[in-house]
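Chemist: model this:
(one chain, ligands or ions: 3)
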Amino acid sequence: MRDRGADVVAVARVAVPVPLPQPFDYLAPAHGNLPPPGSRVLVPFGPRRLVGLVLGHAEVAESESLKHIERVLDVALIDSDLLELLRRARRYYAFAPGEAVNLLLPGALRRVKPFRAGPPDRLAITAMGQAADVGRARRQAEVLEWLKPGPMTRAELLDRGASAAVLRKLLDKGWIGSASAAAESAVEPGPELNSEQRTALAFILASRYRYRTFLLAGITGSGKTEVYLQAARALLRRGRQILILVPEIGLTPQLIRRVEARLGLSAAVYHSDLSEGERLACWQAAGSGQARVVIGTRSAVFLPLRRPGLIIVDEEHDASFKQQDGARYHGRDLAVMRAHLLGIPIVLGSATPSLESLNNATAGRYQQLSITRRAGTAEPARWSVLDLRGQRVSMHPALLGAIERHLGEAGQVLIYRNRRGYAPVLICPSCGWTADCQRCDAHMTVHQSAGRLQCHHCGAERRLPPRCPECGEPELHTLGAGTERLEQQLQARFPGVPVHRVDRDSMRRRDQFSRLLTEIRRGQPCILVGTQMLAKGHHLPGVTLAAVLDVDQALFSADFRAPERLGQAVCQVAGRAGRGRRPGEFILQSRQPEHPLLAELCRSDYLGFARRLLEERHAAALPPAVALAMLRAEAHDPKRACEFLESAARCLPRSDLRVQGPVPAILTRRGGYSRFQLWLQARERQRLLHLLPGWVEHLHSLPEARRVRWHLDMDPTEI
Ligand code: ADP
Ligand code: ZN
Ligand code: ZN
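Modeler: Ligands and ions are numbered 1, 2, ... in the order given. So this is what the prediction gives:
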């Protein structure tokens with residue numbers, strides 16, 4: 001309690017990048033006023049100095065322990081809209097103020113020492129470069145040649161074989177320069193929109209100056225991107241900026257090029273693989289308004305924008321929009337909140353919308369716009385289900401037959417298997433020993449070419465054992481097939497046909513994947529085998545056959561979201577087939593071919609399937625029918641985790657919340673920690689928002705809290 005008698009002083013509440021639950025108070029600098037909210041400041045913190053962000057002002061009792069802000073680095077760097085977004089996000093997701101600094105300031109601006117920007121990321125040939133007489137500098141001439149068709153990123157140039165020294169020389173001579181985010185080029189005309197696309201566009205543009213959330217539900221290849229681009233064009237013409245959020249894996253040079261070509265300007269790109277200098281440059285270009293189109297992954301939702309006009313969230317159902325550590329926010333949901341605060345429209349697009357967004361559409365909070373036909377002349381793929389019962393192979397003979405047929409007709413084939421590595425299980429046929437992770441409740445995956453066992457949950461690795469460690473049996477067996485094994489099997493079965501594996505092991509770098517996509521688009525017959533990376537949004541017109549190998553695990557998962565994810569993956573994979581001129585075919589393998597969910601998927605479309613799932617969620621009182629928050633605790637000793645959750649449950653204020661638990665996480669032990677959770681459910685989201693912040697603050701003072709790692713997860717997507 002504040003002592004009314006004592007003198008009060010005005011302080012700045014400063015968020016500093018430390019994992020503590022509260023902001024810290026500082027007095028104005030020794031010679032100066034309190035900097036306004038949004039200012040970037042340098043403050044003493046224990047023995048250190050840190051860069052912090054002023055969240056607001058307050059009056060507190062005068063005290064000797066209060067310190068002065070050492071220096072104001074930037075006055076009101078962050079505008080009030082963004083601070084308000086942050087305030088709401090913090091209240092909603094209950095994250096520490098230190099995370100706020102990480103979300104709002106790029107790394108370069110969090111450093112105590114001033115940051116020196118490196119060479120620009122995107123390079124373009126200058127007028128001087130166009131006219132330059134390069135003489136005998138062959139390497140420089142080469143780079144200029146590469147840049148003539150259009151700007152390239154530094155990484156792309158290095159990749160092609162340009163050296164950093166050559167780039168520096170060209171920069172110094174002024175023959176190449178930063179591809180300014182505002183550089184305009186000729187606009188490539190797009191196709192004429194069909195009537196469904198035109199209707200969608202008309203609705204979006206009708207509310208171009210006010211907040212409204214549109215759910216653009218259009219089957220794969222129905223021309224959603226064309227709708228985004230035309231809406232973006234209309235708002236660009238009015239001088240507004242466009243923010244496009246995409247899933248992590250969706251951010252490919254192909255997408256960027258398409259956006260740039262159709263909008264006639266270069267896009268500023270923001271994601272976690274950029275260097276600090278590149279991130280800073282994008283952050284500044286977005287904030288100054290110089291970048292008129294910004295494309296980024298979830299963290300781009302916190303970019304400053306000068307004149308925002310439209311936000312687009314592509315593949316809005318994608319799991320990568322939810323951050324799974326630190327500030328556990330959902331990029332899509334914050335984008336909606338931001339559009340609301342800014343008073344601008346937002347378009348959430350997907351062929352397989354999340355149940356959350358569909359529920360919001362049903363409730364009238366979002367407006368659903370549907371595109372039910374494929375754009376142009378492409379028809380949806382023909383579906384069939386193969387019964388895998390009684391088969392001891394990972395690919396049904398009829399599937400192999402279909403692959404052969406499609407390759408013979410010069411088609412490309414896409415095989416989806418959501419499991420990387422060679423085989424999910426290594427087992428001893430004599431004694432039944434299996435290779436398990438010592439720190440997780442899980443088998444280790446065999447990675448044969450690397451000669452290693454790997455745990456896909458904690459990352460633990462060890463060498464493949466030459467014989468059974470229990471009984472010495474020299475001949476160990478593998479069960480099941482991951483992408484690595486399928487690649488081998490397909491290569492053996494179809495010699496002479498290129499087989500490309502697409503997963504995190506084979507595509508370690510972003511540009512490897514996009515180069516492969518470029519090659520595939522040339523259209524030579526080939527087989528693609530891969531994980532989720534393949535299922536997402538890519539336009540591969542040469543693919544005529546797509547197949548999903550194994551859906552059975554998801555049908556019986558304990559995770560209530562598993563069927564939704566399954567339906568999304570299946571429809572996305574099916575949607576890769578037949579996007580060009582030739583008709584497509586889609587094959588699903590299952591040992592449960594008459595499972596009602598599969599039957600529903602095959603009988604109706606994704607939206608019909610999703611409606612049924614949504615009814616089930618309502619009947620079971622699960623999200624999105626109710627709001628769910630989860631308090632998670634993990635400790636080496638499972639008892640400790642449970643004790644903390646039990647105490648936490650006891651000090652919840654009496655209310656109409658439904659509280660369940662502690663219940664074990666599906667994968668209970670991971671990385672040596674036993675993980676438990678408390679489920680908090682309420683019919684009204686407001687009920688949770690009302691109770692949780694105070695409760696979470698109180699939890700920090702529980703003695704049990706110090707013996708566990710814990711956090712609150714609002715709208716959790718992993719259980
Ligand atoms: P989505 O984003 O829904 O997957 P795209 O916008 O990528 O679909 O469109 C798929 C393909 O169809 C692209 O090659 C695109 O150029 C083309 N396309 C889109 N709209 C039309 C249209 N109205 N007429 C002809 N082709 C179109
Ligand atoms: Zn054995
Ligand atoms: Zn493990």
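Chemist: Quickly list the domain ranges of the chain.
Modeler: 8-109, 122-178, 195-371, 382-421+481-619, 627-714 (automatic domain parsing).
Chemist: Which residues of the chain lie near ligand 2?
Modeler: Cys428, Ser430, Cys431, Trp433, Cys468, Glu470, Cys471, Glu473 (Cβ under 5 Å from the ion). Backbone N, C-alpha and C define where each C-beta goes, glycine included.
Chemist: was I right about the fifth one contacting Ile427?
Modeler: When you say that, I think you mean Cys468. No - look at Cys468 against Ile427 with Cβ atoms under 8 Å: they stay out of range, at 9.1 Å.
Chemist: which residues do the two both contact?
Modeler: Shared contacts of Cys468 and Ile427, defined by Cβ atoms under 8 Å, 6 or more residues apart in numbering, are found at Trp433, Leu476.
Chemist: And the residue of the stretch 51-200 of the chain closest to ligand 2?
Modeler: The nearest approach of the stretch 51-200 of the chain to ligand 2 comes at Asp159, 46.7 Å away (Cβ to the ion).
Chemist: does that residue count as helix, strand or coil?
Modeler: Under DSSP: H, G, I helix; E, B strand; the rest coil, Asp159 falls in the helix class.
Chemist: How about the contacts made by it?
Modeler: Here Asp159 is in contact with Asp511 (Cβ under 8 Å, 6+ apart).
Chemist: on that earlier part again, quick one, which of Cys468 and Ile427 is more surrounded?
Modeler: Each of Cys468 and Ile427 has its neighbours counted (other Cβ atoms under 10 Å); Cys468 has more, 20 against 17.
Chemist: Once you drop chain neighbours, what's closest to the more buried one?
Modeler: Cys428 (3.9 Å; Cβ to Cβ, 6 or more residues apart in numbering).
Chemist: Any chance of a markdown table for the domains of the chain, columns mean pLDDT and distance to Pro189?
Modeler: Below are the domains of the chain laid out as a markdown table (pLDDT from 0 to 100; distance: least, Cβ to Cβ, whole Å):
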| stretch | mean pLDDT | distance to Pro189 |
| --- | --- | --- |
| domain 8-109 | 94 | 35 |
| domain 122-178 | 84 | 17 |
| domain 195-371 | 94 | 8 |
| domain 382-421+481-619 | 91 | 18 |
| domain 627-714 | 93 | 44 |
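Chemist: Comparing those, which comes out most buried?
Modeler: domain 195-371 (a mean of 21; mean count of other Cβ atoms under 10 Å).
Chemist: just to revisit the earlier point, give me the number of residues near the residue nearest to Cys468?
Modeler: Counted by other Cβ under 10 Å, the residues lying close to Cys428 total 21.
Chemist: Now do stretch 413-421: distance to the chain's middle.
Modeler: Its chain's C-alpha centre and that of stretch 413-421 lie 20 Å apart, by Cα atoms, centre = their mean, to the nearest Å.
Chemist: start to end distance for that stretch?
Modeler: Across stretch 413-421, the terminal residues are separated by 20 Å (Cα to Cα, to the nearest Å).
Chemist: residues touching Pro380, list them.
Modeler: Ile219, Arg374, Ala574, Gly575, Gly578, Gly584.
Chemist: Val626 against Arg687, yeah?
Modeler: No - the pair Val626 / Arg687 is not scored as a contact, 9.9 Å apart, by Cβ under 8 Å.
Chemist: By proximity to ligand 2, which residue of the stretch 1-150 of the chain wins?
Modeler: Pro19 (45.2 Å).
Chemist: From what I see, that residue and Phe95 are in contact.
Modeler: No - the criterion here is Cβ under 8 Å, and Pro19 misses it with Phe95 at 10.0 Å.
Chemist: ok, Asp441 to Leu453 distance?
Modeler: 16 Å (Cβ to Cβ, to the nearest Å).
Chemist: The two - which one has more neighbours?
Modeler: Leu453 (21 against 16).
Chemist: Look up the residues forming beta bridges with the residue in the stretch 551-700 of the chain positioned nearest to ligand 2.
Modeler: As assessed by Cβ to the ion, ligand 2 sits closest to Arg669 within the stretch 551-700 of the chain, at 23.4 Å. On the basis of DSSP bridges, Arg669 is bridged to Ser674.
Chemist: what sits against it?
Modeler: So, once contact is read as Cβ under 8 Å, 6+ apart, Arg669 ends up touching Arg439, Cys440, Asp441, Arg675.
Chemist: could these go into TSV alongside secondary structure?
Modeler: Output for these, formatted as TSV (three-state DSSP):
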residue	secondary structure
Arg439	coil
Cys440	coil
Asp441	coil
Arg675	strand
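Chemist: Would you format the residues you listed as JSON lines with distance to Arg617 included?
Modeler: Shown next, in JSON lines, are those (distance: Cβ to Cβ, whole Å):
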{"residue": "Arg439", "distance to Arg617": "33"}
{"residue": "Cys440", "distance to Arg617": "29"}
{"residue": "Asp441", "distance to Arg617": "27"}
{"residue": "Arg675", "distance to Arg617": "24"}
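Chemist: now, among those, which is nearest to ligand 3?
Modeler: Cys440 (3.2 Å).
Chemist: Now do the contacts for the closest one.
Modeler: Cys455, His457, Cys458, Ala460, Leu667, Arg669, Arg670, Gly671 are the contacts of Cys440 under Cβ under 8 Å, 6+ apart.
Chemist: State the pair within those that is farthest apart.
Modeler: Within the contacts of Cys440, Ala460 and Leu667 form the most distant pair, 13.7 Å apart (Cβ to Cβ).
Chemist: Can you pull the phi/psi pair for Leu453?
Modeler: phi -100, psi 140 (degrees, to the nearest 10).
Chemist: Quick check: pLDDT value at it.
Modeler: Here, the pLDDT recorded for Leu453 equals 98.
Chemist: same deal with the one 3 residues further on?
Modeler: The per-residue pLDDT reported for His456 equals 96.
Chemist: Just confirm it is within a helix.
Modeler: No - counting by three-state DSSP, His456 is not part of a helix but coil.
Chemist: which residues touch the residue nearest to it when sequence neighbours are not counted?
Modeler: Closest residue to His456 apart from its sequence neighbours, by Cβ to Cβ, 6+ apart: Thr445 at 5.6 Å. With contact taken as Cβ under 8 Å, 6+ apart, Thr445 is in contact with Arg419, Arg420, Gly421, Tyr422, Ala423, Pro424, Leu453, Gln454, Cys455, His456, Gly482.
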